[in-house]
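Peer 1: heads up, no residue letters with this:
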Ligand SMILES: NC(=O)C1=CN([C@@H]2O[C@H](COP(=O)(O)OP(=O)(O)OC[C@H]3O[C@@H](n4cnc5c(N)ncnc54)[C@H](OP(=O)(O)O)[C@@H]3O)[C@@H](O)[C@H]2O)C=CC1
Ligand SMILES: CC(C)(CO)C(=O)C(=O)O
């Protein structure tokens, strides 16, 4: 198979090493220090002290690779528009594009999903429709990542915990192509499962991180401290109830209470969310894919979102002050 990883950071690298170990020859589109490291040393995955190193064909220009069978996109959300500008040569009519990213994706309301607002373009994540034009929804396979990885250095990924990938067609159909993809990922040692409606898995993960991530970015606090403050925890619950109602209006029923979900987040202990890690590293934050888009969905479904608005307002003000949004 022709497989390309676009965004060989923590998650792209983790998936890529698995695929390469399963015998796939891996193409990578990379830039800067990552490109240089991949060309010199290949791609490495650290588990404790054990290093698994695989060779990759790393290039700067997608033109050099041509049409792929599978493209895995694993960039941070603010980088996606830049990927969309260049990804064209990799995508043919039969290419699968697995989008391994957090937050609500641009294709969320595709495949007939979303009730009355199905097919609506989400301006928060794809302001002018350029992403949808570059990556047609017929090529997209949605994905929710349940794993924690980071980078020791460019091209050197560290796996912390979790091995899960939930995968699904935007339409929810168990097509032969998505079944084959799940088998490929399982063969790569990943706990890949097929979802009957991947948008529900996306929303459920978002329900956990759309609050703690920006609050950690605002306060610098780890998840234990955030959940340990009754007023902050109450505020988080209020935001979550708004998102729960929005979900209900687009066909996603969440049966848990916010407190049930807090118990899961508490298990992370003194965890620095990915958004706090981004702030500390001076990287742009995934605020639009995690929060702005929920506000937009609230407007589209006529759900008032005063708590989400307050969270978004404070977070974007702080991130703008830091030059990260
Ligand atoms: N890390 C984790 O544990 C988890 C992450 N996620 C989600 O997965 C997604 C990916 O996150 P993660 O892997 O952590 O992010 P990283 O920052 O580790 O990796 C992103 C990679 O994409 C590269 N990239 C960005 N833009 C381009 C471009 N235009 N051309 C080539 N390469 C590019 C970056 O390169 P450069 O360094 O040059 O910018 C970097 O190597 C995010 O949505 C994140 O929220 C979800 C669950 C867990
Ligand atoms: C906090 C966590 C692990 C789950 O809510 C998360 O999704 C993130 O750090 O991005």
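Peer 2: Alright, I've got the coordinates. The model shown is predicted, which means the values in this text are computed figures rather than measured ones. Ligands and ions are numbered 1, 2, ... in the order given.
Peer 1: I'd like the distance between residue 243 and residue 166.
Peer 2: Distance, residue 243 to residue 166, by CB to CB, to the nearest Å: 19 Å. No exception for glycine: its C-beta is placed from N, CA and C like everyone else's.
Peer 1: Next: residue 55.
Peer 2: 29 Å.
Peer 1: Which of the two has more residues huddled nearby?
Peer 2: residue 166 (21 against 12; other CB atoms under 10 Å).
Peer 1: Confirm that one sits in a strand?
Peer 2: Yes - membership of residue 166 in a strand is supported by DSSP: H, G, I helix; E, B strand; the rest coil.
Peer 1: what sits opposite it in the beta ladder?
Peer 2: On the basis of DSSP bridges, residue 166 is bridged to residue 144, residue 193.
Peer 1: Correct me if wrong: it contacts residue 146.
Peer 2: Yes - counting by CB atoms under 8 Å, residue 166 does reach residue 146; the two are 7.1 Å apart.
Peer 1: With ligand 1 in mind, check whether stretch 308-324 reaches it.
Peer 2: No - interface with ligand 1: stretch 308-324 contributes nothing (CB under 6 Å from any ligand atom), its closest point being 13.4 Å away.
Peer 1: Flag every buried residue along that stretch.
Peer 2: Judged by neighbour count using 16 or more other CB atoms under 10 Å, the buried positions of stretch 308-324 are 308, 309, 311, 312, 315, 316, 318, 319, 324.
Peer 1: can you check stretch 234-249 too?
Peer 2: 235, 236, 237, 238, 239, 240, 242, 243, 244, 246, 247, 249.
Peer 1: related to what we said a few turns ago, kindly present the buried residues of stretch 308-324 as CSV, with separate columns for distance to residue 269, secondary structure and pLDDT.
Peer 2: Below are the buried residues of stretch 308-324 laid out as CSV (distance: CB to CB, whole Å; DSSP: H, G, I helix; E, B strand; the rest coil; pLDDT from 0 to 100):
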residue, distance to residue 269, secondary structure, pLDDT
308, 26, helix, 98
309, 30, helix, 98
311, 23, helix, 98
312, 27, helix, 98
315, 23, helix, 98
316, 28, helix, 98
318, 25, helix, 98
319, 25, helix, 98
324, 26, coil, 98
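Peer 1: can you tell me which of the residues you listed lies nearest to residue 11?
Peer 2: residue 324 (20.0 Å; CB to CB).
Peer 1: how much space is there between that closest one and ligand 1?
Peer 2: 13 Å (CB to the nearest ligand atom, to the nearest Å).
Peer 1: Likewise for residue 67?
Peer 2: 18 Å.
Peer 1: same deal with residue 107?
Peer 2: On the measure of CB to the nearest ligand atom, residue 107 and ligand 1 end up 14 Å apart.
Peer 1: Make sure that residue is actually in contact with residue 142.
Peer 2: Yes - with contact defined as CB under 8 Å, residue 107 counts as touching residue 142 (6.9 Å).
Peer 1: tell me, what's touching the two both at once?
Peer 2: 99, 170 (CB atoms under 8 Å, 6 or more residues apart in numbering).
Peer 1: Report pLDDT for the closest residue to residue 305 other than its chain neighbours.
Peer 2: The shortest distance from residue 305 to any non-neighbouring residue, by CB to CB, 6 or more residues apart in numbering, is to residue 298 (3.8 Å). Note on residue 298: pLDDT of 98.
Peer 1: Next: residue 195.
Peer 2: 98.
Peer 1: Please apply the same query to residue 121.
Peer 2: On the pLDDT scale, residue 121 is placed at 96.
Peer 1: same check, this time on residue 173
Peer 2: pLDDT at residue 173 comes out at 98.
Peer 1: Kindly report the same for residue 188.
Peer 2: Model confidence at residue 188 (pLDDT) stands at 98.
Peer 1: okay, now it: neighbour count?
Peer 2: In terms of burial, residue 188 registers 21 neighbours under the definition other CB under 10 Å.
Peer 1: show me what contacts the residue lying closest to it once chain neighbours are set aside?
Peer 2: Nearest residue to residue 188, sequence neighbours excluded (CB to CB, 6+ apart): residue 18, at 3.5 Å. Neighbour list for residue 18: 185, 188, 189, 190 [criterion: CB under 8 Å, 6+ apart].
Peer 1: Repeat the analysis, applying 6 Å as the threshold.
Peer 2: Shown in contact with residue 18 (CB atoms under 6 Å, 6 or more residues apart in numbering): 188, 189, 190.
Peer 1: Which one of those residues is nearest to residue 113?
Peer 2: Nearest to residue 113 among the contacts of residue 18, with distances taken as CB to CB, is residue 190, at 24.6 Å.
Peer 1: Does that closest one touch residue 166 like I think?
Peer 2: No - look at residue 190 against residue 166 with CB atoms under 6 Å: they stay out of range, at 10.7 Å.
Peer 1: Please tell me how far the residue minimising distance to the centre of the chain sits from residue 202.
Peer 2: The centroid of the chain falls nearest to residue 101 when counting by CA atoms, centre = their mean (1.5 Å). Per CB to CB, residue 101 is found 10 Å from residue 202.
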